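A.B. asks: predicted structure and sequence below. I'll ask about it afterward.
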Protein chains: 2
Amino acid sequence: MNPSEWFTEQVPAAGSAFSLKIKQKVHEEQSEFQHLEIYETETFGNLMVIDGCTMVSTRDNFFYHEMMSHPALYTHPDPKRVWIIGGGDCGTLSEVLKHPSVEQAVQIDIDERVTRLAEIYFPELCESNNDPRAELKFIDGIKWVKDAAPDSVDIIIVDSTDPVGPALGLFSEDFYRDCFNCLSENGMIVQQSESALYNMTLIGEMRNAMSVIGFNHLQTLFFPQCIYPSGWWSATIASKADLTTFREQDSANKPFETVYYNVDIHKASLAQPEFFKNAFGL
Amino acid sequence: MNPSEWFTEQVPAAGSAFSLKIKQKVHEEQSEFQHLEIYETETFGNLMVIDGCTMVSTRDNFFYHEMMSHPALYTHPDPKRVWIIGGGDCGTLSEVLKHPSVEQAVQIDIDERVTRLAEIYFPELCESNNDPRAELKFIDGIKWVKDAAPDSVDIIIVDSTDPVGPALGLFSEDFYRDCFNCLSENGMIVQQSESALYNMTLIGEMRNAMSVIGFNHLQTLFFPQCIYPSGWWSATIASKADLTTFREQDSANKPFETVYYNVDIHKASLAQPEFFKNAFGL
């Protein structure tokens, strides 16, 4: 492969790599926080890369953004206030705002440059940024949650990069405790939790930390995500309230379009593979 | 990436590529039918490559082999006779033989060399090859099915390479008609059907051909498969009988171990993504 024709993300610990054929690199900068690149690919539309890792492509981001949003929002009985920690490409924000019950959606990404680039290269993800219910803050999400008053929010979506660099603190007991303290009675956090084929140790540590600080109900969701390592991704929900049911009827009658998510896919994402059940005694 | 340290499969039409880090190439030959390579990888165990495409790795083959077998076998009311067309690595055969109802499992792969290499490099997939119910034939599966008498078999599993080269005829109306004719009353075929992210045209053509020749019941299943293009794979079941239920109780009490499959995963694999439902009017 000619390196000038491909973007490749290597995953050293997994001994694998994924590549997309590119037409050209259209942007590159070092922001205050991370290294940002935008590529025009042959078949995946535009691709955003942060610190060498694929973040979002035009073609396949729907899996991730829909699955980070709709399962949690259709599980909470009445989600009015949603915070997105990270998520600077605005794709998750846009899915959250499809829910009529939502009165306030705050996206808190430390790096304003991610959003400014998304506005240029992923305009379809930013179409709801001017929704009167939306608020975009470019500050430290960890501090935002730490400083928040009790009962400030119903759902916190942690839409972060991998647990290295600025995102490391988002995978800690301290952060989960701060989330717990500002969440409302039925509040929940949903966090991207990497690949169950590659990162079972991380998922175990996350689940343990969430549970130790008082979230009594955990659920890991599984879904495809072609451009992420292994192509098989997960999100973990930690909730104050029972997670065994969701608003199935509302999901079946969702008043908006999706590409991947529907009520059957919601149920399917909750199925735990045999090795996963065995690993965590589920 | 140093090409001597990685095996890479490019998917030109999809503009993507997947790579595994290798320790060494341990075998290479041109058989009568195809080019066969075996690599020792850093983290995925051994890897078999046929005509440049990843076929099976020690680490992640369980997804594919379990999902090609157990959903179909737990859907048929009483599967006694199973044929595997292709499947020379013997992984599907081994899963099929886990079902106590099975009295005869015939694997028909045109290329004996695939099986001889699997015996050396994937011995764990070949552990059931001496089961008295197992029969290994190294002949043309298309002709085998064409020559078969009516009511010869309950389930035909088409565990083939991509629809190019020797496998092309396995994706044709003629082949499906021959399958239909030798299947028993509740008989079904299950065939690997590539990635729904990359190959919707192929899946549509398969479904159409299966339906045209008389299979009135179709079901596409979805599951992860890291080393295959996009990391998200599918299998399509075409059946003479209704597919809306399966032997859920038997699946929940399966008398054998699996790594991925269980009764919840079975149900989950049947969920159709929104874009898939829209494409086929489901």
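C.D. replies: All right, it came through fine. Numbering: from 1, shown residues only, chains lettered A, B, ... in the order given.

A.B. asks: OK, contacts around A:C182?
C.D. replies: The contact partners of A:C182, by Cβ atoms under 8 Å, 6 or more residues apart in numbering or on different chains, come to A:V145, A:A148, A:A149, A:P150, A:D151, A:S152, A:V153. In short, each C-beta sits where N, CA and C put it, glycine included.

A.B. asks: okay, these in JSON lines with secondary structure and distance to chain B next?
C.D. replies: What follows is the contacts of A:C182, written out as JSON lines (DSSP: H, G, I helix; E, B strand; the rest coil; distance: Cβ to the nearest Cβ, whole Å):
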{"residue": "A:V145", "secondary structure": "helix", "distance to chain B": "32"}
{"residue": "A:A148", "secondary structure": "coil", "distance to chain B": "35"}
{"residue": "A:A149", "secondary structure": "coil", "distance to chain B": "38"}
{"residue": "A:P150", "secondary structure": "coil", "distance to chain B": "36"}
{"residue": "A:D151", "secondary structure": "coil", "distance to chain B": "35"}
{"residue": "A:S152", "secondary structure": "coil", "distance to chain B": "33"}
{"residue": "A:V153", "secondary structure": "strand", "distance to chain B": "28"}
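
A.B. asks: just the buried members of the residues you listed?
C.D. replies: Neighbour-count burial (16 or more other Cβ atoms under 10 Å in any protein chain shown) applied to those gives A:V145, A:A148, A:S152, A:V153.

A.B. asks: wait, which of those residues is closest to B:D51?
C.D. replies: Using Cβ to Cβ, A:V145 comes nearest to B:D51 of the buried ones among the contacts of A:C182, at 52.2 Å.

A.B. asks: from B:N130, how far out is that closest one?
C.D. replies: Between A:V145 and B:N130 the distance is 60 Å, computed by Cβ to Cβ, to the nearest Å.

A.B. asks: A:L93 should be in a helix, yeah?
C.D. replies: Yes: A:L93 forms part of a helix when assessed by DSSP: H, G, I helix; E, B strand; the rest coil.

A.B. asks: wait, it touches A:N129, no?
C.D. replies: Yes: assessed by Cβ atoms under 8 Å, A:L93 is found in contact with A:N129 at 7.2 Å.

A.B. asks: more neighbours: the two, which one.
C.D. replies: A:L93 (30 against 18; other Cβ atoms under 10 Å in any protein chain shown).

A.B. asks: who's in contact with the residue nearest to that one when sequence neighbours are not counted?
C.D. replies: Nearest non-adjacent residue to A:L93, counting by Cβ to Cβ, 6 or more residues apart in numbering or on different chains: A:Q107, 4.8 Å away. Shown in contact with A:Q107 (Cβ under 8 Å, 6+ apart): A:W83, A:I84, A:G87, A:G88, A:C90, A:T92, A:L93, A:T115, A:A134, A:E135, A:L136, A:K137.

A.B. asks: ok, 7 Å please
C.D. replies: With contacts defined as Cβ atoms under 7 Å, 6 or more residues apart in numbering or on different chains, the neighbours of A:Q107 are A:I84, A:G87, A:C90, A:L93, A:L136, A:K137.

A.B. asks: what subset of those residues is buried?
C.D. replies: Counted by 16+ other Cβ under 10 Å, these give A:I84, A:G87, A:C90, A:L93, A:L136 as buried.

A.B. asks: and these as TSV, adding pLDDT?
C.D. replies: Formatted as TSV, the buried ones among the contacts of A:Q107 follow (pLDDT from 0 to 100):
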residue	pLDDT
A:I84	98
A:G87	97
A:C90	98
A:L93	98
A:L136	98
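
A.B. asks: quick check, nearest of those to chain B?
C.D. replies: Comparing those against chain B with Cβ to the nearest Cβ picks out A:L93 as the nearest, at 20.2 Å.

A.B. asks: ok, which pair from the contacts of A:C182 is furthest apart?
C.D. replies: Across the contacts of A:C182, the longest distance by Cβ to Cβ is 13.5 Å; it joins A:V145 and A:D151.

A.B. asks: let me see the contact set for the closest residue to chain B within the stretch 101-250 of chain A.
C.D. replies: At 1.5 Å from chain B, A:G231 is the closest residue in the stretch 101-250 of chain A, using Cβ to the nearest Cβ. By Cβ under 7 Å, 6+ apart, the contact list for A:G231 reads A:P224, A:Q225, B:P224, B:C226, B:S230, B:G231, B:W232.

A.B. asks: what about A:R133, how many residues close to it?
C.D. replies: Per other Cβ under 10 Å, the neighbour tally for A:R133 reads 17.

A.B. asks: that one is in contact with A:A105, isn't it?
C.D. replies: Yes: at 5.7 Å, A:R133 counts as touching A:A105 under the criterion of Cβ atoms under 7 Å.

A.B. asks: what touches both of these two?
C.D. replies: A:L97.

A.B. asks: what packs against the longest strand anywhere in chain A?
C.D. replies: Using DSSP state E to define each element, chain A has its longest strand at strand A:16-30. Using 3 or more Cβ pairs under 7 Å, 6 or more residues apart in numbering or on different chains; DSSP states H and E, the elements in contact with strand A:16-30 are strand A:6-11, strand A:35-41, strand B:16-30.

A.B. asks: follow-up on the earlier one: which one of the buried ones among the contacts of A:C182 is nearest A:A279?
C.D. replies: Using Cβ to Cβ, the buried ones among the contacts of A:C182 come closest to A:A279 at A:V145, 28.7 Å.

A.B. asks: grab the nearest non-local neighbour of that closest one.
C.D. replies: Once flanking residues are discounted, A:V145 sits nearest to A:D178: 4.5 Å by Cβ to Cβ, 6+ apart.

A.B. asks: what's the spacing between the strand or helix carrying the one you found and its chain's center?
C.D. replies: Using DSSP states H and E, A:D178 falls within helix A:173-182. Relative to the chain's own centre, helix A:173-182 is displaced by 18 Å; criterion: Cα atoms, centre = their mean, to the nearest Å.

A.B. asks: the helices in chain A, which residues?
C.D. replies: According to DSSP state H, chain A carries its helices in the segments A:61-73, A:91-96, A:112-121, A:141-147, A:173-182, A:200-212, A:248-252, A:263-269, A:274-280.
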